[in-house]
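Peer 1: give me the fold of what follows.
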Amino acid sequence: MGTQDNEQTATTGRRTLLGAAVLGAGGVLGLSGQAEAAGGGHGGGGLESLPKPTIIGHRGASGYRPEHTLGSYQLALDLGADIVEAGDLVPTRDGHLVCRHEPEIGGTTDVASRPEFAGRRKTKSLDGVATTGWFTEDFTLAELKTLRATERIPANRPHNTLYDGRWAIPTFEEVLAWQDEQTRRRGRQVWIYPELKHPTYFREQGLGLEERVAKVLRRHGKDRRDSPVILQSFEPTSVQRMDKLVGNPLVVLLSGAATRPWDFERTGDPRTVADLVTPAGLREIASYAQGIGPTLDLVIPKDAAGRLTTPTTLVRDAHRAGLLLHPYTMRNENPFLPAEFRKGTDPDAYGDVFGAYRAYFATGIDGVFTDNPDTGLLARQDFVNR
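Peer 2: Alright, predicted model coming up:
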(Lines give C-alpha, C1' and ligand atoms only; values in the text may rest on other atoms or scores of the structure.)
Protein backbone atom coordinates (compact mmCIF):
# COMPACT_ATOMS: atom_id res chain seq x y z
CA MET A 1 0.00 0.00 0.00
CA GLY A 2 0.65 3.48 -0.77
CA THR A 3 3.49 5.65 -1.94
CA GLN A 4 1.69 8.32 0.04
CA ASP A 5 1.95 6.21 3.18
CA ASN A 6 4.24 7.70 5.84
CA GLU A 7 7.36 5.60 5.44
CA GLN A 8 9.49 4.61 8.42
CA THR A 9 9.33 2.05 11.47
CA ALA A 10 10.70 -0.11 14.87
CA THR A 11 11.18 -3.15 17.37
CA THR A 12 12.03 -3.28 21.14
CA GLY A 13 9.94 -5.98 22.76
CA ARG A 14 9.09 -7.34 19.32
CA ARG A 15 10.38 -10.83 19.96
CA THR A 16 8.17 -11.26 23.03
CA LEU A 17 5.09 -10.15 21.15
CA LEU A 18 5.94 -12.24 18.13
CA GLY A 19 6.60 -15.34 20.19
CA ALA A 20 3.29 -14.96 21.95
CA ALA A 21 1.59 -14.41 18.63
CA VAL A 22 2.96 -17.58 17.10
CA LEU A 23 1.95 -19.62 20.13
CA GLY A 24 -1.52 -18.13 20.02
CA ALA A 25 -2.10 -18.03 16.29
CA GLY A 26 -4.37 -21.04 16.32
CA GLY A 27 -6.26 -19.98 19.42
CA VAL A 28 -6.33 -16.49 20.88
CA LEU A 29 -5.16 -14.88 17.68
CA GLY A 30 -7.58 -16.92 15.62
CA LEU A 31 -10.28 -15.07 17.56
CA SER A 32 -12.95 -17.36 16.17
CA GLY A 33 -15.51 -16.51 18.83
CA GLN A 34 -14.74 -12.82 18.87
CA ALA A 35 -14.63 -12.65 15.11
CA GLU A 36 -18.04 -14.27 14.80
CA ALA A 37 -19.44 -11.72 17.21
CA ALA A 38 -17.78 -8.92 15.32
CA GLY A 39 -19.25 -9.78 11.97
CA GLY A 40 -18.58 -13.25 10.64
CA GLY A 41 -15.91 -15.89 10.39
CA HIS A 42 -13.54 -17.01 7.65
CA GLY A 43 -15.93 -19.12 5.61
CA GLY A 44 -16.97 -18.69 2.02
CA GLY A 45 -18.83 -15.74 0.60
CA GLY A 46 -17.85 -12.20 -0.20
CA LEU A 47 -16.76 -9.23 1.84
CA GLU A 48 -19.56 -9.79 4.35
CA SER A 49 -17.90 -13.04 5.42
CA LEU A 50 -14.89 -11.20 6.87
CA PRO A 51 -14.57 -10.40 10.58
CA LYS A 52 -14.88 -6.78 11.63
CA PRO A 53 -12.80 -4.84 12.30
CA THR A 54 -10.89 -6.70 9.59
CA ILE A 55 -7.17 -7.07 10.23
CA ILE A 56 -5.22 -6.69 6.99
CA GLY A 57 -1.56 -7.70 6.93
CA HIS A 58 0.11 -4.70 5.28
CA ARG A 59 2.55 -6.04 2.67
CA GLY A 60 2.33 -9.24 4.70
CA ALA A 61 3.71 -9.08 8.23
CA SER A 62 6.14 -6.34 7.29
CA GLY A 63 6.81 -5.43 10.91
CA TYR A 64 8.71 -8.71 11.18
CA ARG A 65 9.94 -9.66 7.70
CA PRO A 66 11.06 -7.76 4.57
CA GLU A 67 7.84 -6.62 2.89
CA HIS A 68 6.26 -8.21 -0.18
CA THR A 69 8.01 -11.53 0.17
CA LEU A 70 6.41 -14.93 0.47
CA GLY A 71 7.98 -15.07 3.92
CA SER A 72 6.16 -11.91 4.95
CA TYR A 73 2.86 -13.10 3.46
CA GLN A 74 3.19 -16.50 5.10
CA LEU A 75 3.88 -15.01 8.52
CA ALA A 76 0.86 -12.72 8.22
CA LEU A 77 -1.34 -15.79 7.82
CA ASP A 78 0.45 -17.62 10.62
CA LEU A 79 -0.24 -14.66 12.90
CA GLY A 80 -3.94 -14.79 12.02
CA ALA A 81 -4.44 -11.90 9.57
CA ASP A 82 -7.90 -11.91 7.97
CA ILE A 83 -6.50 -10.62 4.67
CA VAL A 84 -2.95 -10.35 3.35
CA GLU A 85 -2.00 -7.37 1.20
CA ALA A 86 -0.12 -9.72 -1.09
CA GLY A 87 1.00 -7.61 -3.97
CA ASP A 88 1.75 -4.02 -4.76
CA LEU A 89 1.67 -4.86 -8.47
CA VAL A 90 4.24 -3.41 -10.89
CA PRO A 91 5.25 -4.73 -14.33
CA THR A 92 8.52 -6.02 -15.71
CA ARG A 93 9.91 -5.02 -19.08
CA ASP A 94 8.45 -8.20 -20.59
CA GLY A 95 5.01 -7.56 -19.12
CA HIS A 96 4.90 -9.81 -16.06
CA LEU A 97 3.38 -8.56 -12.79
CA VAL A 98 5.60 -8.64 -9.70
CA CYS A 99 5.11 -7.59 -6.09
CA ARG A 100 7.13 -4.57 -4.97
CA HIS A 101 6.09 -1.55 -2.94
CA GLU A 102 7.38 0.72 -5.73
CA PRO A 103 8.75 0.22 -9.23
CA GLU A 104 12.03 1.65 -7.86
CA ILE A 105 13.69 -1.32 -6.18
CA GLY A 106 16.97 0.10 -4.90
CA GLY A 107 15.62 0.19 -1.35
CA THR A 108 13.91 -3.21 -1.28
CA THR A 109 16.38 -5.50 -3.07
CA ASP A 110 20.12 -6.06 -3.36
CA VAL A 111 20.23 -4.57 -6.87
CA ALA A 112 22.59 -1.75 -5.81
CA SER A 113 25.25 -4.33 -4.95
CA ARG A 114 24.96 -6.13 -8.26
CA PRO A 115 27.62 -4.81 -10.67
CA GLU A 116 25.94 -6.37 -13.68
CA PHE A 117 23.00 -4.01 -13.20
CA ALA A 118 24.93 -0.82 -12.39
CA GLY A 119 24.11 0.60 -15.82
CA ARG A 120 20.36 0.29 -15.20
CA ARG A 121 20.39 3.05 -12.57
CA LYS A 122 18.33 5.98 -13.85
CA THR A 123 16.47 9.08 -12.77
CA LYS A 124 12.80 9.12 -13.78
CA SER A 125 9.75 11.24 -13.07
CA LEU A 126 7.48 9.01 -11.01
CA ASP A 127 4.11 10.72 -10.62
CA GLY A 128 5.85 14.06 -10.99
CA VAL A 129 8.64 13.31 -8.52
CA ALA A 130 12.24 12.90 -9.72
CA THR A 131 13.25 9.45 -8.52
CA THR A 132 16.68 7.85 -8.92
CA GLY A 133 17.29 4.15 -8.76
CA TRP A 134 16.49 0.89 -10.49
CA PHE A 135 13.02 0.31 -11.93
CA THR A 136 11.18 -2.95 -12.50
CA GLU A 137 10.12 -1.92 -16.00
CA ASP A 138 13.80 -1.91 -17.04
CA PHE A 139 14.28 -5.58 -16.09
CA THR A 140 12.96 -8.82 -17.49
CA LEU A 141 11.33 -11.21 -15.05
CA ALA A 142 14.31 -13.55 -15.36
CA GLU A 143 16.64 -10.73 -14.35
CA LEU A 144 14.47 -9.67 -11.41
CA LYS A 145 14.38 -13.25 -10.19
CA THR A 146 18.16 -13.12 -9.65
CA LEU A 147 17.68 -10.35 -7.05
CA ARG A 148 16.91 -10.87 -3.36
CA ALA A 149 14.59 -8.86 -1.16
CA THR A 150 15.91 -6.68 1.67
CA GLU A 151 14.38 -4.69 4.55
CA ARG A 152 13.14 -1.31 3.32
CA ILE A 153 13.47 0.63 6.60
CA PRO A 154 16.39 -0.86 8.54
CA ALA A 155 16.73 2.19 10.79
CA ASN A 156 13.34 1.34 12.30
CA ARG A 157 13.47 -2.42 11.85
CA PRO A 158 17.08 -3.54 12.27
CA HIS A 159 15.96 -7.01 13.34
CA ASN A 160 14.34 -7.55 9.95
CA THR A 161 17.72 -7.28 8.23
CA LEU A 162 18.37 -10.77 9.58
CA TYR A 163 16.22 -11.96 6.68
CA ASP A 164 17.86 -9.89 3.94
CA GLY A 165 18.59 -12.08 0.93
CA ARG A 166 16.34 -14.95 1.99
CA TRP A 167 13.48 -14.40 -0.49
CA ALA A 168 13.12 -13.54 -4.15
CA ILE A 169 10.61 -11.08 -5.64
CA PRO A 170 7.30 -12.91 -6.02
CA THR A 171 5.15 -12.67 -9.12
CA PHE A 172 1.39 -12.16 -9.00
CA GLU A 173 0.96 -15.62 -10.50
CA GLU A 174 3.02 -17.09 -7.66
CA VAL A 175 0.93 -15.23 -5.09
CA LEU A 176 -2.31 -16.60 -6.52
CA ALA A 177 -0.91 -20.14 -6.48
CA TRP A 178 0.27 -19.57 -2.89
CA GLN A 179 -3.23 -18.35 -1.98
CA ASP A 180 -4.77 -21.57 -3.32
CA GLU A 181 -2.21 -23.73 -1.52
CA GLN A 182 -2.75 -21.94 1.79
CA THR A 183 -6.53 -22.15 1.42
CA ARG A 184 -6.28 -25.91 1.01
CA ARG A 185 -3.80 -26.35 3.85
CA ARG A 186 -5.69 -24.19 6.35
CA GLY A 187 -9.19 -25.33 5.52
CA ARG A 188 -10.44 -21.76 5.20
CA GLN A 189 -10.47 -19.23 2.41
CA VAL A 190 -7.36 -17.05 2.31
CA TRP A 191 -7.99 -13.49 1.11
CA ILE A 192 -5.53 -11.17 -0.62
CA TYR A 193 -5.67 -7.41 -1.29
CA PRO A 194 -3.37 -6.41 -4.19
CA GLU A 195 -2.77 -2.78 -5.16
CA LEU A 196 -2.26 -1.47 -8.69
CA LYS A 197 0.73 0.84 -8.38
CA HIS A 198 1.10 3.99 -10.48
CA PRO A 199 -1.30 2.85 -13.23
CA THR A 200 -1.12 6.12 -15.19
CA TYR A 201 2.69 6.08 -15.14
CA PHE A 202 2.76 2.54 -16.50
CA ARG A 203 -0.01 3.07 -19.05
CA GLU A 204 1.99 5.92 -20.54
CA GLN A 205 4.85 3.43 -21.03
CA GLY A 206 2.62 0.92 -22.81
CA LEU A 207 2.48 -1.31 -19.73
CA GLY A 208 -1.16 -0.90 -18.72
CA LEU A 209 -1.79 -2.67 -15.41
CA GLU A 210 -5.53 -3.09 -15.43
CA GLU A 211 -5.74 -5.40 -18.44
CA ARG A 212 -2.82 -7.47 -17.20
CA VAL A 213 -4.33 -7.88 -13.73
CA ALA A 214 -7.73 -8.77 -15.17
CA LYS A 215 -6.20 -11.37 -17.50
CA VAL A 216 -4.34 -13.09 -14.67
CA LEU A 217 -7.42 -13.09 -12.41
CA ARG A 218 -9.59 -14.55 -15.17
CA ARG A 219 -7.03 -17.27 -15.80
CA HIS A 220 -7.23 -18.27 -12.14
CA GLY A 221 -11.02 -17.94 -11.91
CA LYS A 222 -10.72 -15.11 -9.39
CA ASP A 223 -12.41 -12.25 -11.24
CA ARG A 224 -15.88 -12.41 -9.66
CA ARG A 225 -17.70 -10.39 -7.03
CA ASP A 226 -17.36 -13.17 -4.46
CA SER A 227 -13.71 -13.87 -5.32
CA PRO A 228 -11.32 -13.57 -2.33
CA VAL A 229 -9.26 -10.87 -4.06
CA ILE A 230 -9.90 -7.19 -3.26
CA LEU A 231 -8.27 -4.74 -5.67
CA GLN A 232 -7.18 -1.24 -4.71
CA SER A 233 -5.54 1.82 -6.24
CA PHE A 234 -4.83 5.46 -5.42
CA GLU A 235 -6.11 6.42 -8.89
CA PRO A 236 -9.92 6.51 -9.13
CA THR A 237 -9.91 6.13 -12.92
CA SER A 238 -7.89 2.92 -12.55
CA VAL A 239 -10.52 1.54 -10.18
CA GLN A 240 -13.22 2.57 -12.65
CA ARG A 241 -11.33 0.74 -15.41
CA MET A 242 -11.09 -2.37 -13.25
CA ASP A 243 -14.84 -2.17 -12.57
CA LYS A 244 -15.42 -2.69 -16.30
CA LEU A 245 -12.96 -5.60 -16.52
CA VAL A 246 -13.63 -7.74 -13.43
CA GLY A 247 -16.28 -8.28 -10.79
CA ASN A 248 -13.89 -8.20 -7.80
CA PRO A 249 -14.49 -5.97 -4.79
CA LEU A 250 -12.76 -2.64 -5.44
CA VAL A 251 -11.33 0.01 -3.11
CA VAL A 252 -10.18 3.57 -3.78
CA LEU A 253 -7.16 4.57 -1.71
CA LEU A 254 -7.09 8.14 -0.41
CA SER A 255 -4.07 10.12 0.69
CA GLY A 256 -3.92 13.55 2.37
CA ALA A 257 -6.93 15.82 1.95
CA ALA A 258 -5.00 18.45 -0.03
CA THR A 259 -3.47 15.98 -2.50
CA ARG A 260 -4.68 15.16 -6.00
CA PRO A 261 -4.59 11.65 -7.42
CA TRP A 262 -2.01 11.46 -10.20
CA ASP A 263 -4.58 10.47 -12.80
CA PHE A 264 -6.45 13.68 -11.93
CA GLU A 265 -3.24 15.64 -12.36
CA ARG A 266 -2.65 14.17 -15.79
CA THR A 267 -6.21 14.70 -17.03
CA GLY A 268 -6.68 18.16 -15.55
CA ASP A 269 -9.35 17.10 -13.07
CA PRO A 270 -9.13 19.83 -10.40
CA ARG A 271 -10.55 17.76 -7.56
CA THR A 272 -8.51 16.87 -4.52
CA VAL A 273 -8.99 14.10 -1.97
CA ALA A 274 -10.96 16.62 0.09
CA ASP A 275 -13.53 16.65 -2.72
CA LEU A 276 -13.63 12.86 -2.90
CA VAL A 277 -14.45 12.49 0.81
CA THR A 278 -17.48 14.77 0.71
CA PRO A 279 -20.86 12.99 0.76
CA ALA A 280 -21.23 13.67 -2.97
CA GLY A 281 -17.71 12.43 -3.71
CA LEU A 282 -18.29 9.27 -1.69
CA ARG A 283 -21.55 8.56 -3.50
CA GLU A 284 -19.68 8.80 -6.79
CA ILE A 285 -17.02 6.37 -5.56
CA ALA A 286 -19.79 4.01 -4.46
CA SER A 287 -21.03 3.84 -8.05
CA TYR A 288 -17.94 1.79 -9.03
CA ALA A 289 -16.24 0.64 -5.80
CA GLN A 290 -17.19 -1.11 -2.58
CA GLY A 291 -14.83 0.67 -0.23
CA ILE A 292 -12.23 3.32 0.47
CA GLY A 293 -8.78 3.03 1.99
CA PRO A 294 -8.14 6.43 3.59
CA THR A 295 -5.07 7.49 5.46
CA LEU A 296 -5.76 7.38 9.19
CA ASP A 297 -5.47 11.16 9.29
CA LEU A 298 -8.65 11.42 7.24
CA VAL A 299 -10.44 9.50 10.01
CA ILE A 300 -8.91 11.37 12.96
CA PRO A 301 -6.76 14.40 12.12
CA LYS A 302 -3.72 15.32 14.18
CA ASP A 303 -2.83 18.72 15.58
CA ALA A 304 0.49 20.50 15.09
CA ALA A 305 2.00 18.46 17.93
CA GLY A 306 0.99 15.19 16.29
CA ARG A 307 -1.78 14.40 18.76
CA LEU A 308 -5.19 13.10 17.75
CA THR A 309 -8.02 15.63 17.56
CA THR A 310 -11.74 15.14 16.89
CA PRO A 311 -12.77 12.44 14.41
CA THR A 312 -14.14 13.63 11.10
CA THR A 313 -17.50 12.54 9.70
CA LEU A 314 -15.79 10.31 7.11
CA VAL A 315 -16.83 7.00 8.68
CA ARG A 316 -20.46 8.05 8.94
CA ASP A 317 -20.53 9.57 5.47
CA ALA A 318 -18.85 6.58 3.83
CA HIS A 319 -21.21 4.13 5.52
CA ARG A 320 -24.19 6.19 4.39
CA ALA A 321 -22.85 5.87 0.85
CA GLY A 322 -22.58 2.10 1.32
CA LEU A 323 -18.78 2.03 1.42
CA LEU A 324 -16.45 0.06 3.69
CA LEU A 325 -13.48 1.84 5.26
CA HIS A 326 -10.09 0.14 5.53
CA PRO A 327 -7.67 2.92 6.59
CA TYR A 328 -3.88 2.61 6.64
CA THR A 329 -1.45 2.00 8.37
CA MET A 330 -1.11 0.88 11.99
CA ARG A 331 2.48 0.21 13.07
CA ASN A 332 3.84 -0.57 16.51
CA GLU A 333 6.89 1.70 16.49
CA ASN A 334 6.99 5.17 18.03
CA PRO A 335 7.55 7.24 14.86
CA PHE A 336 4.30 6.03 13.34
CA LEU A 337 2.01 6.55 16.31
CA PRO A 338 0.11 9.69 17.34
CA ALA A 339 2.26 11.65 19.78
CA GLU A 340 0.23 10.77 22.87
CA PHE A 341 0.83 7.07 22.29
CA ARG A 342 4.61 7.22 21.90
CA LYS A 343 6.92 5.94 24.63
CA GLY A 344 10.32 7.59 24.62
CA THR A 345 12.16 8.64 21.50
CA ASP A 346 13.76 5.38 20.31
CA PRO A 347 12.65 4.93 16.67
CA ASP A 348 12.90 1.17 17.08
CA ALA A 349 10.81 1.03 20.29
CA TYR A 350 7.13 0.15 20.53
CA GLY A 351 4.68 2.70 21.88
CA ASP A 352 1.16 2.31 23.26
CA VAL A 353 -0.22 0.95 20.01
CA PHE A 354 -3.18 -0.67 21.78
CA GLY A 355 -4.30 2.77 22.90
CA ALA A 356 -4.09 3.98 19.32
CA TYR A 357 -6.12 1.02 18.08
CA ARG A 358 -8.83 1.80 20.63
CA ALA A 359 -9.10 5.35 19.35
CA TYR A 360 -9.38 4.31 15.71
CA PHE A 361 -11.67 1.32 16.26
CA ALA A 362 -14.03 3.56 18.25
CA THR A 363 -14.74 5.58 15.10
CA GLY A 364 -16.47 2.59 13.50
CA ILE A 365 -13.91 1.74 10.80
CA ASP A 366 -14.48 -1.64 9.16
CA GLY A 367 -10.87 -2.74 9.28
CA VAL A 368 -7.30 -1.52 9.20
CA PHE A 369 -4.01 -2.22 7.46
CA THR A 370 -1.27 -3.11 9.91
CA ASP A 371 2.37 -4.12 9.69
CA ASN A 372 1.86 -6.20 12.85
CA PRO A 373 -1.18 -8.48 12.40
CA ASP A 374 -0.73 -10.18 15.78
CA THR A 375 -0.99 -6.83 17.56
CA GLY A 376 -4.02 -5.88 15.49
CA LEU A 377 -5.81 -9.10 16.38
CA LEU A 378 -5.16 -8.64 20.10
CA ALA A 379 -6.42 -5.06 19.80
CA ARG A 380 -9.57 -6.31 18.08
CA GLN A 381 -10.09 -8.86 20.82
CA ASP A 382 -9.88 -6.07 23.40
CA PHE A 383 -12.30 -3.94 21.38
CA VAL A 384 -14.89 -6.66 20.82
CA ASN A 385 -14.76 -7.72 24.49
CA ARG A 386 -14.74 -4.16 25.84
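
Peer 1: count of residues packed around Ser125?
Peer 2: Neighbours of Ser125 under the rule other Cβ atoms under 10 Å: 9. For glycine as for every other residue, the C-beta is placed from the backbone atoms N, C-alpha and C.

Peer 1: give me the mean pLDDT for the helix or strand hosting it.
Peer 2: Using DSSP states H and E, Ser125 maps to strand 122-126. Mean per-residue pLDDT for strand 122-126: 98.

Peer 1: which helix in this protein runs the most residues?
Peer 2: As assigned by DSSP state H, the longest helix anywhere in the chain is helix 172-186.

Peer 1: what segments of the stretch 201-350 of the chain are strands?
Peer 2: Using DSSP state E, counting those that start in this stretch, the strands of the stretch 201-350 of the chain run over 231-233, 250-254, 291-294, 324-325.

Peer 1: of those strands, which approaches His68 most closely?
Peer 2: Among those, strand 231-233 comes nearest to His68, with 14.5 Å by Cβ to Cβ.

Peer 1: okay, buried residues for that closest one please.
Peer 2: The neighbour-count check on strand 231-233 (16 or more other Cβ atoms under 10 Å) flags 231-233 as buried.

Peer 1: so can I have a markdown table of the residues you listed showing distance to Asp275?
Peer 2: Listed next are the buried residues of strand 231-233 as a markdown table, based on distance: Cβ to Cβ, whole Å:
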| residue | distance to Asp275 |
| --- | --- |
| Leu231 | 23 |
| Gln232 | 20 |
| Ser233 | 18 |
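
Peer 1: most packed of the strands of the stretch 201-350 of the chain?
Peer 2: strand 231-233 (a mean of 29; mean count of other Cβ atoms under 10 Å).

Peer 1: elements contacting that strand?
Peer 2: The contact analysis (3 or more Cβ pairs under 8 Å, 6 or more residues apart in numbering; DSSP states H and E) places strand 231-233 against strand 195-196, helix 236-245, strand 250-254.

Peer 1: TSV for the ones you listed, including mean pLDDT?
Peer 2: Shown next, in TSV, are the helices and strands packed on strand 231-233 (pLDDT from 0 to 100):
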stretch	mean pLDDT
strand 195-196	98
helix 236-245	98
strand 250-254	98
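
Peer 1: follow-up on the earlier one: for the longest helix of the chain, packing partners?
Peer 2: Applying 3+ Cβ pairs under 8 Å, 6+ apart, one finds that helix 172-186 makes contact with helix 70-78, strand 97-99, strand 191-192, helix 209-219.

Peer 1: and that helix, how far from the chain's centre?
Peer 2: 18 Å (Cα atoms, centre = their mean, to the nearest Å).

Peer 1: same question for stretch 139-149.
Peer 2: Remark: stretch 139-149 is offset 22 Å from the chain centroid, using Cα atoms, centre = their mean.

Peer 1: and for that stretch, what's in contact with it?
Peer 2: Stretch 139-149 has contacts (Cβ atoms under 8 Å, 6 or more residues apart in numbering) with 66-69, 92-94, 96, 98, 105, 108-111, 114, 117, 120, 136, 164-169, 171.

Peer 1: look up the closest residue to Phe62, ignoring the ones flanking it.
Peer 2: You called it Phe, but residue 62 is Ser. Closest residue to Ser62 apart from its sequence neighbours, by Cβ to Cβ, 6 or more residues apart in numbering: Asp371 at 4.6 Å.

Peer 1: now swap in Asp164 and tell me
Peer 2: Thr150 is the one closest to Asp164 (Cβ to Cβ, 6+ apart), at 4.3 Å.

Peer 1: which residues are in contact with that neighbour?
Peer 2: 66, 107-110, 161, 164-165.

Peer 1: only the buried subset of those, as a ChimeraX command please.
Peer 2: Restricted to buried positions by 16+ other Cβ under 10 Å, the ChimeraX selection for those reads:
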select :66,107,108,109,110
